[in-house]
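1. coords below, sequence missing:
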C-alpha cells in the first residue's frame, strides 16, 4: 500500500507544479512506482512540465465519471517505466470532481503505486478541498516572500483543520546572496512563523526555467543546484536523513578570506 | 480623526513606538464597568492561531501558542498570549477600558482595547525582546514591559 502526498501552497506561482514534477521524478529515479495526479482542472500544466502534453487522451474527470478505466487515463513517462501521470481536464472546472470521488480515486491509486503525488491548485476553494481529500501527508511550498508565507500559514491552518497532521515545508526560489544582505526573508524567519518541519530548501536556479520549458524535470540535471535540492528532498520523503546542502557559493578564495578574518 | 504619536513607557527604551488614534466609537458606546465582565469565564487555547483564523469570546482569552499575522483575537475581557502576538488583538471588545493585552512578544499588526486603537508603525522597527503588556491609560493605549508586579494591573 502506497502513500498519498499532496503538494500545496495557497498562493499561486510559488512552484507547486515544478515541485510535484521534480519530487515525483526523483522518487521514480530511486526505483519507486510513482503516479503524479494533476488536480488543477481547467488550468492543467503538470503535463507540460513533464513533457507529456501531446499524449493525453483521457483525464481525471473521465476517470471519476466512469468515461474510461483508470489504466487508460494513466500516461507513462517517456524516461521512466514506473512513473505515471494522471492529467487534469482542460475543458471542465473544479466542480467536475467531488471530494468523495477523489478519496475513491486515491484509494485505487495507492494500491498500485508506492507514491501518489497530488499537484494541488492555488486557492482554498473546491480544487484545494479535492486535492487534500485523499491525502495522508502534505507538503507546503512557499517562497521567501511575506505574501507567500502568509498564504502558507493559512493553508497549514486549513490542513490542520482537515486533520492532515504535520505538514512539511519546502522553501522554493531562495536567493542566498539576497538573504545574506538582509534583503530576503531567511529560513529561520519562515520557520518561526509557520512552526512546521522543514523538508528542504530549493535555491533560485535558471536551470528550472529551461527544464520546465523543455519538459525535463531539473532533478535529472546533475549540474543544477535546484535539481540537487529536489534529489535530497526526494530522499528525505523516503525517510533517508540527508543534511541541508550548503547554498553559499563557497569558493576557495572566499574561504581563505574568511580564514584571515576579512 | 485625531492622531497622536506616543512613546512606549519602557524602562529600557526597548519598546517600539506605536501610532495611536482614538477611533470614534461606532454608535457611541458607553464605557463598560468591570462588574459586567466579572462574571465571564476564561478560555485556554492550546494552539497557534494561523492567518485568517480568529477567536471571539465574551470573557478572557489565554493562548498558549502564537497569534500569526492575519489572525484575530477578540475578547470581552483580557487577552494573554504565551507566545508571539503578531496578528490583531481586541481586548475589552464590549467597551471595557480596563482590559489588557499581554504577550511574551507583543508585536501585533493592530491592537485595540475597548474603542482605543493603535497599529504597528510602518516600515522596520525593533522587535520586542521581553514580555510586554498593553493597557489604556489617560485615554491612550500604552505598552510597557511586563514584570511580576504588573499583575496588579489585571483586574482579576
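-> Yep, it's here. Everything quoted here is computed from the prediction, not taken from an experiment. Numbering: from 1, shown residues only, chains lettered A, B, ... in the order given.

2. which residues of the chain fall in helices?
-> If you meant another chain, say so; for now it's chain A. A:16-29, A:46-49, A:60-64, A:70-73, A:99-112, A:126-133, A:146-161, A:176-181, A:187-194, A:206-214, A:225-237, A:252-259 (DSSP state H).

3. oops, I was thinking of chain B
-> Using DSSP H, the helices of chain B run over B:34-38.

4. Show me the beta-bridge partners of the residue nearest to residue A:28 when sequence neighbours are not counted.
-> Excluding its sequence neighbours, the residue lying closest to residue A:28 (C-beta to C-beta, 6 or more residues apart in numbering or on different chains) is residue A:83, at 3.9 Å. Yep, even glycine has a C-beta here, placed from its N, CA and C like the rest. Beta-bridge partners for residue A:83, by DSSP bridges, are residue A:34.

5. need the contact list for residue A:11.
-> Residues near residue A:11 by C-beta atoms under 8 Å, 6 or more residues apart in numbering or on different chains: A:122, A:142, A:147-148, A:151-152.

6. repeat that for 6 Å
-> If you count contacts by C-beta atoms under 6 Å, 6 or more residues apart in numbering or on different chains, residue A:11 has them with A:148, A:151.

7. coming back round to it: per-residue pLDDT of the residue nearest to residue A:28, please?
-> You'll see residue A:83 listed with a pLDDT of 97.

8. next one: residue A:138
-> Reported pLDDT for residue A:138: 97.

9. from memory it sits against residue A:7, does it?
-> No - if you go by C-beta atoms under 6 Å, residue A:138 and residue A:7 don't touch, sitting 7.9 Å apart.

10. how far out from the middle of the chain is stretch A:45-58?
-> The chain centroid and the centroid of stretch A:45-58 are separated by 16 Å, computed with C-alpha atoms, centre = their mean, to the nearest Å.

11. swap in stretch A:100-112?
-> 19 Å.

12. try stretch A:197-217
-> Chain-centre distance of stretch A:197-217: 10 Å, with C-alpha atoms, centre = their mean.

13. Quick one: end-to-end distance for it.
-> End-to-end span of stretch A:197-217 (C-alpha to C-alpha, to the nearest Å): 25 Å.

14. Now do that stretch: everything it contacts.
-> Stretch A:197-217 is contacted from outside by A:18, A:21-22, A:25, A:49, A:51, A:168-175, A:218, A:221, A:224-226, A:229, A:232-233, A:236, A:247, using C-beta under 6 Å, 6+ apart.

15. Identify each buried residue in it, please.
-> Neighbour-count burial for stretch A:197-217, with 16 or more other C-beta atoms under 10 Å in any protein chain shown as criterion, is recorded at A:198-205, A:208, A:211-212, A:215-217.

16. Could you pull up the residues touching residue B:114?
-> Residue B:114 makes contacts with B:92, B:95-97, as judged by C-beta under 6 Å, 6+ apart.

17. and it, what are its phi and psi?
-> Backbone torsions for residue B:114, taken as degrees, to the nearest 10, come to phi 50, psi -120.

18. Just grab the bridge partners of the closest residue to residue A:132 other than its chain neighbours for me.
-> Nearest non-adjacent residue to residue A:132, counting by C-beta to C-beta, 6+ apart: residue A:6, 5.2 Å away. Taking DSSP bridges as the rule, residue A:6 bridges to residue A:118, residue A:138.

19. And residue A:6, how close does it get to chain B?
-> 18 Å (C-beta to the nearest C-beta, to the nearest Å).

20. Just name the closest of the contacts of residue B:114 to residue A:62, please.
-> Here the nearest of the contacts of residue B:114 to residue A:62, counting by C-beta to C-beta, is residue B:92; it sits at 57.6 Å.

21. got the phi/psi numbers for that closest one?
-> With angles defined as degrees, to the nearest 10, residue B:92 sits at phi 60, psi 40.

22. ok, it to residue A:209 distance?
-> Taking C-beta to C-beta, to the nearest Å as the measure, residue B:92 falls 53 Å from residue A:209.

23. ok, the residue nearest to residue A:132 touching residue A:134?
-> No - with contact defined as C-beta under 6 Å, residue A:6 does not count as touching residue A:134 (8.4 Å).

24. between these two, which one's more packed in?
-> residue A:6 (29 against 23; other C-beta atoms under 10 Å in any protein chain shown).

25. who are the neighbours in contact with residue 50?
-> Looking at chain A here, since you left the chain open. Contacts of residue A:50 by C-beta under 6 Å, 6+ apart are A:21, A:85.

26. hm, I was asking about chain B
-> Applying C-beta under 6 Å, 6+ apart, we find residue B:50 in contact with A:153, A:156-157, B:68.

27. quick check, nearest of those residues to residue A:72?
-> Of all the contacts of residue B:50, residue A:156 has the smallest distance to residue A:72: 36.5 Å, by C-beta to C-beta.

28. okay, now the closest one: neighbour count?
-> The local packing of residue A:156 (other C-beta under 10 Å) involves 27 other residues.

29. contacting residues for it?
-> Residues in contact with residue A:156 (C-beta under 6 Å, 6+ apart) are A:167, B:50.

30. From chain B, how far off is the closest residue to residue A:223 other than its chain neighbours?
-> Spatial nearest neighbour of residue A:223, chain neighbours left out: residue A:207 (7.2 Å); criterion: C-beta to C-beta, 6+ apart. Distance of residue A:207 to chain B, given as C-beta to the nearest C-beta: 32 Å.

31. With residue A:222 instead?
-> According to C-beta to the nearest C-beta, residue A:222 stands 39 Å off from chain B.

32. Over to residue A:99?
-> Note on residue A:99: its distance to chain B, by C-beta to the nearest C-beta, is 21 Å.

33. ok, that residue touching residue A:133?
-> Yes - with contact defined as C-beta under 6 Å, residue A:99 counts as touching residue A:133 (4.0 Å).

34. Neighbour count for the two, which is higher?
-> Per other C-beta under 10 Å, whichever of residue A:99 and residue A:133 has more neighbours is residue A:133, with 22 against 14.

35. out of everything not next to it in sequence, what's closest to the residue of chain B found nearest chain A?
-> Residue of chain B nearest chain A, by C-beta to the nearest C-beta: residue B:50 (3.5 Å). Closest residue to residue B:50 apart from its sequence neighbours, by C-beta to C-beta, 6+ apart: residue A:157 at 3.5 Å.
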